[in-house]
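A.B. asks: Generate coordinates for the sequence data below:
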Amino acid sequence: MPEFNKVTSEIRAKLENIVGKVNVSDHKDDLDKHAIDESPLKPHPPTLVVSPSSTEQIQGVLKLANDELIPVTPQGSRTGLSGASHPVHSGIALNLEGMNKIIEIDEDNLMAIVEPGVLISEVHEATEALGLYYPPDPGQESGSIGGNISTNAGGMRAMKYGVTRDFVNGLEVVLTSGEVIQIGGKFVKDSTGYSLIDLIIGSEGTLGVVTKAILRLIPKPKFTSLIYAPFTSTIDAVKAVREIIHKKIVPFGLEYMPQQAVLMAEKHTGKKLPDNSHPAYLLVAVEANSKEELDRELETAGEICLEMGAVDAYIADNAQRQNQIWEARKCLFDAYMAAYTLEEADICIPRSMIPDYVERADAVAEKHGVLLVPVGHAGDGNLHYFIIKKDETPEEEWDELMEAALSDLIDLSLEMGGTSSGEHGLGYTKKHYLEREVGPAQMELMKGIKATFDPKGILNPNKVWA
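C.D. replies: Residues are numbered from 1 along each chain as shown. Below you'll find the model as predicted:
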């Protein structure tokens, strides 16, 4: 790790010349706001918050920072959960919230061009108004497109459609030298050279700064419906996931919630769900372009749930009921954060291994004296385990217990052929797990890629690997 320089008054003046005086701040409120994300990591205030409004301004900022050896931390809406947006070496917090335009929705080519600060919810609203669909749907809809690209976010619809990477067709990226590169475009096929776009996506802001993204769209399905199925046991619920897949049903969402999560969601939203009295729940969401196809998939999925031990299969067949249930699922992180001290494991395993994983994870909770609440994307194997501090656990013991439980959950995932992060990234809080998973050869390849893109190491330093 290089020894970075401090931001001097001369450097600040040059930054003000690039982006305008009003867009360079060391006001305490701004520094505090940009010192955190939604991870439990303690704040790391930057020296300055710099808020560019154009690609050209970002070019100037990065070239200056590179010349002066000043660390730069790109930031969107800071909803990440692994500390990737923390300016751990102070320096410049590069605030991209103001670059929030939807530049174009191209209905002929089924593409949208957006700036990195556009929120995922805004992309959904603008495209769906035209009968189009941007499928990636991370639970945190206040997250920005740039942040989604940074972590290769997945979300609720990944089982059917894939993750962010599968819907990014092109990028404009500023390198630390100030050079701008255009990767990909509106064309559908590309067999030209190495896939640099796949290096940028998921790189957590360590290789370059995304200033525009070309997103792939599809026609929006005409009909949707949702099954809310209570089960008498957790294992029956997760086994039902496997049976639904065996029957060649591909829901766009297949989510798992334990009873505690259902009760927590009801308390947080103030809205009752169809049932809250059973140990486990599946949400099975299907969509189709004909009512007949939708009904057929609903009937098959509902029958499988009942055969596997569900006590009922409630059908939410209108938008209001569906939105109420999705709201309950999507609010869980905020609900638990408001009530508990916790960390979240973001493991992803082969779907067929979910029943075994859930059973074996109980021993991790008992071993370390923590509460474990699994929720998540059962359809794609991405389980989010809330690791929760018990009331009787002394504060001074919590960090060690939490880290030990997280380590065991990750080891269990790797043992079952899984990964340490399905969609949140490693950032700062989980970077030390990378070599355990990929080994030294891949680590050296990744470090070589970093050195090629960012020779001086100024861009989001000390992230992704230890």
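A.B. asks: mind showing which ranges of this structure have poor pLDDT?
C.D. replies: Applying pLDDT under 70 to the chain flags the ranges 139, 466.
A.B. asks: one more time with 80, if that's ok
C.D. replies: Scanning the chain for pLDDT under 80 picks out the ranges 1-2, 139-141, 466.
A.B. asks: phi, psi of the spatially most central residue of it?
C.D. replies: Taking C-alpha atoms, centre = their mean, the centroid of the chain lies closest to Ala153, which sits 3.8 Å from it. The phi/psi pair for Ala153 (degrees, to the nearest 10) reads phi -60, psi 150.
A.B. asks: One more: Lys6?
C.D. replies: Dihedral angles for Lys6 - degrees, to the nearest 10 - are phi -80, psi 160.
A.B. asks: could we number from 21 for the rest of this?
C.D. replies: Sure thing, new numbering starts at 21, so read that last one as Lys26.
A.B. asks: gap between it and Gly182?
C.D. replies: Separation of Lys26 from Gly182 (C-beta to C-beta, to the nearest Å) stands at 43 Å. From N, CA and C alone the C-beta is placed, and that goes for glycine too.
A.B. asks: got it, and Pro294?
C.D. replies: In terms of C-beta to C-beta, Pro294 sits 30 Å off from Gly182.
A.B. asks: ditto for Ser170
C.D. replies: For Ser170, the distance to Gly182 - C-beta to C-beta - is 17 Å.
A.B. asks: rewinding a little: Lys26 and Gly182: who's more crowded?
C.D. replies: The residue with more neighbours, out of Lys26 and Gly182 and counting by other C-beta atoms under 10 Å, is Gly182; that gives 14 against 11.
A.B. asks: Spatially nearest residue to the more buried one, not counting backbone neighbours?
C.D. replies: Distances taken as C-beta to C-beta, 6 or more residues apart in numbering place Pro155 nearest to Gly182, at 7.6 Å, with adjacent residues excluded.
A.B. asks: Would you mind giving the domain segments of the protein?
C.D. replies: Listed domain ranges for the chain are 29-118, 122-239, 243-351, 353-435 (source: automatic domain parsing).
A.B. asks: distance between the second one and the chain's centre?
C.D. replies: When distances are taken as C-alpha atoms, centre = their mean, to the nearest Å, domain 122-239 is centred 13 Å away from the chain's centroid.
A.B. asks: Now do that domain: distance from first to last residue.
C.D. replies: Across domain 122-239, the terminal residues are separated by 18 Å (C-alpha to C-alpha, to the nearest Å).
A.B. asks: where do the helices sit along the stretch 271-420 of the chain?
C.D. replies: Under the criterion DSSP state H, counting those that start in this stretch, helices of the stretch 271-420 of the chain are mapped to 279-289, 311-327, 339-350, 352-359, 374-388, 415-435.
A.B. asks: Kindly reformat these as a markdown table containing distance to Leu219 and mean neighbour count.
C.D. replies: Shown next, in a markdown table, are the helices of the stretch 271-420 of the chain (distance: least, C-beta to C-beta, whole Å; neighbours: other C-beta atoms under 10 Å):
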| stretch | distance to Leu219 | mean neighbour count |
| --- | --- | --- |
| helix 279-289 | 36 | 18 |
| helix 311-327 | 37 | 17 |
| helix 339-350 | 30 | 17 |
| helix 352-359 | 29 | 16 |
| helix 374-388 | 30 | 17 |
| helix 415-435 | 23 | 17 |
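A.B. asks: could I get those helices as TSV with distance to Leu403?
C.D. replies: Shown next, in TSV, are the helices of the stretch 271-420 of the chain (distance: least, C-beta to C-beta, whole Å):
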stretch	distance to Leu403
helix 279-289	12
helix 311-327	19
helix 339-350	14
helix 352-359	13
helix 374-388	7
helix 415-435	9
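A.B. asks: Figure out which of the domains of the chain is closest to Lys467.
C.D. replies: Closest to Lys467 of these, according to C-beta to C-beta: domain 122-239, at 10.6 Å.
A.B. asks: if we can go back for a sec, which stretch among the helices of the stretch 271-420 of the chain comes nearest Arg177?
C.D. replies: Taking the helices of the stretch 271-420 of the chain one by one with C-beta to C-beta, helix 339-350 is closest: 11.1 Å.
A.B. asks: Check the offset of that closest one from the chain's centre.
C.D. replies: For helix 339-350, the distance to the chain centre is 20 Å (C-alpha atoms, centre = their mean).
A.B. asks: And it, what does it pack against?
C.D. replies: On a contact count with 3 or more C-beta pairs under 8 Å, 6 or more residues apart in numbering; DSSP states H and E, helix 339-350 meets strand 243-251, strand 273-278, helix 279-289, strand 300-308, strand 334-336.
A.B. asks: between the ones you listed, which gets nearest to Pro66?
C.D. replies: It's helix 279-289; of the helices and strands packed on helix 339-350, that one is closest to Pro66 (C-beta to C-beta) at 31.9 Å.
A.B. asks: quick one: contacts of that closest one?
C.D. replies: Residues from elsewhere that reach helix 279-289 (C-beta atoms under 8 Å, 6 or more residues apart in numbering): 277, 292-293, 296-301, 347-349, 351-352, 354-356, 358-359, 393, 395.
A.B. asks: What is the end-to-end distance of stretch 173-186?
C.D. replies: 10 Å.
A.B. asks: Identify each buried residue in it, please.
C.D. replies: Within stretch 173-186, the residues that count as buried by 16 or more other C-beta atoms under 10 Å are 173-181, 183-185.
A.B. asks: Serialize those to TSV and add fields for distance to Lys467.
C.D. replies: Output for the buried residues of stretch 173-186, formatted as TSV (distance: C-beta to C-beta, whole Å):
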residue	distance to Lys467
Ala173	24
Gly174	26
Gly175	30
Met176	34
Arg177	34
Ala178	29
Met179	33
Lys180	35
Tyr181	32
Val183	24
Thr184	24
Arg185	22
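A.B. asks: Spell out the secondary structure type for Gln202.
C.D. replies: Three-state call for Gln202 (DSSP: H, G, I helix; E, B strand; the rest coil): strand.
A.B. asks: what sits opposite it in the beta ladder?
C.D. replies: Beta-bridge pairing of Gln202 under DSSP bridges involves Glu192.
A.B. asks: what about it, neighbour count?
C.D. replies: Look at Gln202: counted by other C-beta under 10 Å, it has 11 neighbours.
A.B. asks: which residues touch it?
C.D. replies: Contact analysis of Gln202 by C-beta under 8 Å, 6+ apart lists 190-192.
A.B. asks: number of nearby residues for Ile255?
C.D. replies: 18.
A.B. asks: Can you tell me how far it is from Asp354?
C.D. replies: Taken as C-beta to C-beta, the span from Ile255 to Asp354 is 28 Å.
A.B. asks: swap in Glu76?
C.D. replies: 37 Å.
A.B. asks: Kindly report the same for Ile78.
C.D. replies: 31 Å.
A.B. asks: One more: Glu88?
C.D. replies: Per C-beta to C-beta, Glu88 is found 39 Å from Asp354.
A.B. asks: tell me the SS of Val69?
C.D. replies: Once three-state DSSP is applied, Val69 turns out strand.
A.B. asks: so how many other residues sit close to it?
C.D. replies: Using other C-beta under 10 Å, Val69 is surrounded by 23 other residues.
A.B. asks: ok, what's across the strand from it?
C.D. replies: Ser45, Ala113.
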